[in-house]
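Asks: sharing a model that was predicted from the sequence below.
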Amino acid sequence: MGIGEFLGGVTPIVRGHCDSCGFVRNIWVSELHLDEVPCDHRKRGCVGVLTKAYVGPKAGVPSHLSGSRRCSCPDETRAPDAASSSSSSSLGQASSGQQDVNEECPVCCEPLKMTDAAMRCRGCAGHRHYFHAACLASWIRQCQKDDNDPNCPICRGPLLVHKRRLGDFLRSAGGSLEQEEGPHCNVCMNMQKPPLEMRRAGLK
């Protein structure tokens with residue numbers, strides 16, 4: 001069982017859906033007390049608000065509320081197949097504009113900028129999965145529990161690890177990691193250089 005499946009059964013999320021343009025995202029804990037959560041696309045002309053469309057474990061999110069969805073705002077410029085086009089493009093084609101594109105961490109379902117990603121898979125299954133550094137802690141624990149070598153918790157493909165991002169995480173969270181997790185962290189640290197698009201973003 002991958003870490004995505006493991007956490008999906010126990011981690012509750014609140015999924016918001018714009019009642020105007022159809023945009024979906026997780027509603028933050030700090031927003032739950034608000035009477036109205038404005039849509040993130042107000043600058044695009046959307047006047048809608050995010051309604052609580054789903055509350056429960058990640059594993060139970062309805063298909064129409066999962067992943068990143070295109071909205072119907074007039075100035076939405078992404079092509080319908082932008083995600084698949086991006087995932088199939090060469091690493092050398094990454095532009096500075098793409099560095100700020102938000103992905104969604106498969107572990108926590110929260111937005112993720114490419115420059116914040118600590119690792120990603122090679123995309124052998126047709127899509128590259130990016131992950132937050134903090135999400136690695138649970139992933140490492142699951143690797144230890146299953147006695148597995150590190151691989152992508154979603155597609156099981158080989159991983160490319162951003163050493164500096166992972167190193168920063170280990171230094172900041174090392175005190176909370178169990179001693180047995182060290183070998184898995186070391187394996188990650190000794191893996192290949194970070195993806196080209198991450199290096200082009202100024203990360204070494």
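Replies: Yes, it's here. Residues are numbered from 1 along each chain as shown.

Asks: drop to CA atoms for contacts and neighbour counts, all remaining ones
Replies: Will do.

Asks: give me the buried positions along the top strand by length along the chain.
Replies: Criterion DSSP state E: the longest strand present in the chain is strand 49-57. For strand 49-57, burial by neighbour count (16 or more other CA atoms under 10 Å) applies to 49-54.

Asks: with stretch 33-43 instead?
Replies: 37, 39-41.

Asks: likewise stretch 57-64?
Replies: Buried positions in stretch 57-64, judged by neighbour count with 16+ other CA under 10 Å: 58-59, 61.

Asks: and which of these is nearest Lys113?
Replies: For these, the residue nearest Lys113 by CA to CA is Lys58; the value is 20.2 Å.

Asks: what's the pLDDT at Ala133?
Replies: At Ala133, the model reports a pLDDT of 68.

Asks: any idea how this structure splits into domains?
Replies: The domain map for the chain lists 1-62, 96-204, with the assignment taken from automatic domain parsing.

Asks: what's the average pLDDT for stretch 64-77?
Replies: For stretch 64-77, mean pLDDT rounds to 60.

Asks: and stretch 18-25, by the same measure?
Replies: Stretch 18-25 carries an average pLDDT of 85.

Asks: in it, which residues are buried?
Replies: For stretch 18-25, burial by neighbour count (16+ other CA under 10 Å) applies to 18-19, 21-25.

Asks: with stretch 26-34 instead?
Replies: 26-27.

Asks: what's next to that stretch, contact-wise?
Replies: Contacts of stretch 26-34 from elsewhere in the structure, counted by CA atoms under 8 Å, 6 or more residues apart in numbering, are 13-16, 37, 52, 109-110.

Asks: any weak-confidence spans in the protein?
Replies: Judged by pLDDT under 70, the chain has its weakly predicted residues at 1-11, 67-103, 114-128, 133-134, 136-141, 143-144, 149-151, 153-154, 156-204.

Asks: let's go with 50 and repeat that
Replies: Along the chain, the model assigns pLDDT under 50 to residues 75-100, 175, 177-184, 191-199, 201-204.

Asks: now Cys135. Nearest residue, chain neighbours left out?
Replies: Val107 (6.6 Å; CA to CA, 6 or more residues apart in numbering).

Asks: and the one you found, how many neighbours?
Replies: Other residues within reach of Val107, judged by other CA atoms under 10 Å, total 25.

Asks: isn't it right next to Cys152, touching?
Replies: No. When contacts are counted by CA atoms under 8 Å, Val107 is not listed as touching Cys152 (10.8 Å).

Asks: identify the contacts common to these two.
Replies: Taking CA under 8 Å, 6+ apart as the contact definition, Val107 and Cys152 share no neighbouring residue.

Asks: hmm, Cys46 is touching Cys39, no?
Replies: Yes. Counting by CA under 8 Å, Cys46 touches Cys39, with 7.0 Å between them.

Asks: bridging residues for the nearest residue to Val61 once chain neighbours are set aside?
Replies: With CA to CA, 6+ apart as the criterion, Val61 has its nearest non-adjacent residue at 6.9 Å, and that residue is Tyr54. Residues in a beta bridge with Tyr54, per DSSP bridges, are Arg15.

Asks: which ones are touching Tyr54?
Replies: Residues near Tyr54 by CA under 8 Å, 6+ apart: 13-16, 61.
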